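K.L.:
Please work out how this folds:
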Amino acid sequence: MKSPAILSVLVACVLSAPVMAEVYQYVDANGKTVFSDQPPPGSKAKQVNVRAYGPASSPAKAVKSAPQSEADKKNAEISAENAKVKEQNKKVAQENCKRARENQAAIQQNGRIKMPGSNALASDSQRSALLQQAQQDVQNWCNQ
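P.N.:
Below you'll find the predicted structure:
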(Lines give C-alpha, C1' and ligand atoms only; values in the text may rest on other atoms or scores of the structure.)
Protein backbone atom coordinates (compact mmCIF):
# COMPACT_ATOMS: atom_id res chain seq x y z
CA MET A 1 0.00 0.00 0.00
CA LYS A 2 2.82 2.38 0.87
CA SER A 3 4.85 1.38 -2.16
CA PRO A 4 2.51 2.92 -4.80
CA ALA A 5 2.22 6.11 -2.76
CA ILE A 6 6.00 6.46 -2.44
CA LEU A 7 6.44 5.67 -6.11
CA SER A 8 3.94 8.33 -7.16
CA VAL A 9 5.65 10.94 -4.93
CA LEU A 10 9.03 10.09 -6.47
CA VAL A 11 7.63 10.32 -9.99
CA ALA A 12 6.05 13.69 -9.19
CA CYS A 13 9.38 15.01 -7.86
CA VAL A 14 11.33 13.80 -10.86
CA LEU A 15 8.84 15.22 -13.34
CA SER A 16 8.60 18.58 -11.57
CA ALA A 17 12.38 19.15 -11.54
CA PRO A 18 12.54 20.53 -15.10
CA VAL A 19 9.64 22.84 -14.33
CA MET A 20 11.52 24.38 -11.41
CA ALA A 21 14.79 24.74 -13.33
CA GLU A 22 15.94 28.31 -13.86
CA VAL A 23 17.39 29.60 -17.11
CA TYR A 24 19.50 32.73 -17.38
CA GLN A 25 20.28 34.85 -20.42
CA TYR A 26 23.40 37.02 -20.64
CA VAL A 27 25.93 38.37 -23.12
CA ASP A 28 29.42 36.85 -22.82
CA ALA A 29 32.80 38.55 -23.38
CA ASN A 30 32.62 37.83 -27.14
CA GLY A 31 29.27 39.61 -27.46
CA LYS A 32 27.23 36.46 -27.98
CA THR A 33 23.95 35.82 -26.20
CA VAL A 34 24.21 32.78 -23.94
CA PHE A 35 21.51 30.78 -22.18
CA SER A 36 22.60 28.88 -19.09
CA ASP A 37 21.24 27.28 -15.95
CA GLN A 38 23.70 29.26 -13.81
CA PRO A 39 24.43 32.96 -14.14
CA PRO A 40 28.09 33.90 -14.52
CA PRO A 41 29.61 35.50 -11.42
CA GLY A 42 29.78 39.28 -11.55
CA SER A 43 27.67 39.89 -14.64
CA LYS A 44 24.11 40.96 -15.23
CA ALA A 45 22.02 37.97 -16.14
CA LYS A 46 18.34 38.06 -16.90
CA GLN A 47 16.21 35.16 -15.71
CA VAL A 48 14.19 33.74 -18.60
CA ASN A 49 10.70 32.39 -18.11
CA VAL A 50 10.70 28.92 -19.64
CA ARG A 51 7.42 27.16 -20.25
CA ALA A 52 7.21 23.54 -21.17
CA TYR A 53 5.05 23.08 -24.24
CA GLY A 54 4.08 19.91 -26.03
CA PRO A 55 6.40 18.54 -28.67
CA ALA A 56 6.91 21.14 -31.37
CA SER A 57 7.49 18.54 -34.05
CA SER A 58 3.89 17.29 -34.00
CA PRO A 59 2.34 20.26 -35.86
CA ALA A 60 5.22 20.29 -38.32
CA LYS A 61 4.66 16.64 -39.10
CA ALA A 62 0.98 17.28 -39.61
CA VAL A 63 1.78 20.07 -42.05
CA LYS A 64 4.25 17.89 -43.92
CA SER A 65 1.86 14.96 -44.05
CA ALA A 66 -0.94 17.00 -45.62
CA PRO A 67 0.83 17.51 -48.97
CA GLN A 68 2.17 13.99 -48.71
CA SER A 69 -1.34 12.61 -48.30
CA GLU A 70 -2.50 14.63 -51.31
CA ALA A 71 0.36 13.23 -53.35
CA ASP A 72 -0.45 9.73 -52.12
CA LYS A 73 -4.10 10.25 -53.05
CA LYS A 74 -3.14 11.41 -56.56
CA ASN A 75 -0.75 8.49 -56.94
CA ALA A 76 -3.48 6.08 -55.90
CA GLU A 77 -5.90 7.61 -58.42
CA ILE A 78 -3.30 7.41 -61.17
CA SER A 79 -2.49 3.81 -60.27
CA ALA A 80 -6.17 2.89 -60.37
CA GLU A 81 -6.57 4.61 -63.72
CA ASN A 82 -3.48 2.84 -65.08
CA ALA A 83 -4.86 -0.49 -63.90
CA LYS A 84 -8.15 0.19 -65.73
CA VAL A 85 -6.31 1.13 -68.93
CA LYS A 86 -4.11 -1.95 -68.63
CA GLU A 87 -7.18 -4.16 -68.20
CA GLN A 88 -8.87 -2.57 -71.23
CA ASN A 89 -5.71 -3.03 -73.31
CA LYS A 90 -5.59 -6.68 -72.27
CA LYS A 91 -9.21 -7.19 -73.35
CA VAL A 92 -8.56 -5.48 -76.70
CA ALA A 93 -5.46 -7.61 -77.26
CA GLN A 94 -7.44 -10.79 -76.51
CA GLU A 95 -10.18 -9.74 -78.93
CA ASN A 96 -7.62 -8.91 -81.62
CA CYS A 97 -5.93 -12.27 -81.08
CA LYS A 98 -9.27 -14.05 -81.46
CA ARG A 99 -10.02 -12.18 -84.70
CA ALA A 100 -6.54 -12.80 -86.08
CA ARG A 101 -6.89 -16.55 -85.46
CA GLU A 102 -10.33 -16.55 -87.08
CA ASN A 103 -8.96 -14.73 -90.13
CA GLN A 104 -6.04 -17.15 -90.39
CA ALA A 105 -8.37 -20.16 -90.13
CA ALA A 106 -10.71 -18.71 -92.77
CA ILE A 107 -7.84 -18.13 -95.21
CA GLN A 108 -6.42 -21.62 -94.64
CA GLN A 109 -9.78 -23.43 -94.98
CA ASN A 110 -11.34 -21.58 -97.89
CA GLY A 111 -10.01 -22.27 -101.34
CA ARG A 112 -11.53 -19.12 -102.76
CA ILE A 113 -11.12 -15.79 -101.04
CA LYS A 114 -12.54 -12.45 -102.09
CA MET A 115 -10.05 -9.61 -102.02
CA PRO A 116 -10.89 -6.97 -99.44
CA GLY A 117 -12.76 -4.06 -101.01
CA SER A 118 -13.68 -5.83 -104.29
CA ASN A 119 -15.64 -8.77 -105.67
CA ALA A 120 -12.62 -10.31 -107.39
CA LEU A 121 -11.24 -13.60 -106.11
CA ALA A 122 -7.69 -13.72 -104.82
CA SER A 123 -5.00 -15.33 -106.92
CA ASP A 124 -2.62 -17.87 -105.38
CA SER A 125 0.05 -15.20 -104.78
CA GLN A 126 -2.52 -12.84 -103.23
CA ARG A 127 -3.88 -15.69 -101.08
CA SER A 128 -0.34 -16.48 -99.95
CA ALA A 129 0.23 -12.81 -99.04
CA LEU A 130 -3.07 -12.71 -97.10
CA LEU A 131 -2.12 -15.91 -95.25
CA GLN A 132 1.30 -14.51 -94.41
CA GLN A 133 -0.32 -11.29 -93.09
CA ALA A 134 -2.81 -13.32 -91.03
CA GLN A 135 0.03 -15.36 -89.51
CA GLN A 136 1.89 -12.13 -88.70
CA ASP A 137 -1.25 -10.75 -87.03
CA VAL A 138 -1.63 -13.91 -84.92
CA GLN A 139 2.01 -13.66 -83.90
CA ASN A 140 1.67 -9.94 -83.00
CA TRP A 141 -1.57 -10.19 -81.01
CA CYS A 142 -1.38 -13.65 -79.44
CA ASN A 143 2.25 -13.80 -78.32
CA GLN A 144 2.23 -10.84 -75.95
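
K.L.:
domains for this protein, by residue range?
P.N.:
Domain assignment for the chain by automatic domain parsing gives 21-52, 88-144.

K.L.:
Which pLDDT value goes with Cys97?
P.N.:
What the model reports as pLDDT for Cys97 is 92.

K.L.:
What is the burial count for it?
P.N.:
Other residues within reach of Cys97, judged by other CB atoms under 10 Å, total 17. Backbone N, C-alpha and C define where each C-beta goes, glycine included.

K.L.:
That one is in what secondary structure piece?
P.N.:
helix 57-109 (DSSP states H and E).

K.L.:
what comes up buried for the next helix or strand after that helix?
P.N.:
Scanning forward in sequence from helix 57-109 by DSSP H and E, the next helix or strand is helix 124-142. Neighbour counts using 16 or more other CB atoms under 10 Å place Arg127, Leu130, Leu131, Ala134, Asp137, Val138, Trp141 of helix 124-142 among the buried residues.

K.L.:
In contact with the second one, which residues are there?
P.N.:
Spelled out, that is Leu130. Ile107, Ile113, Ala122 (CB atoms under 8 Å, 6 or more residues apart in numbering).
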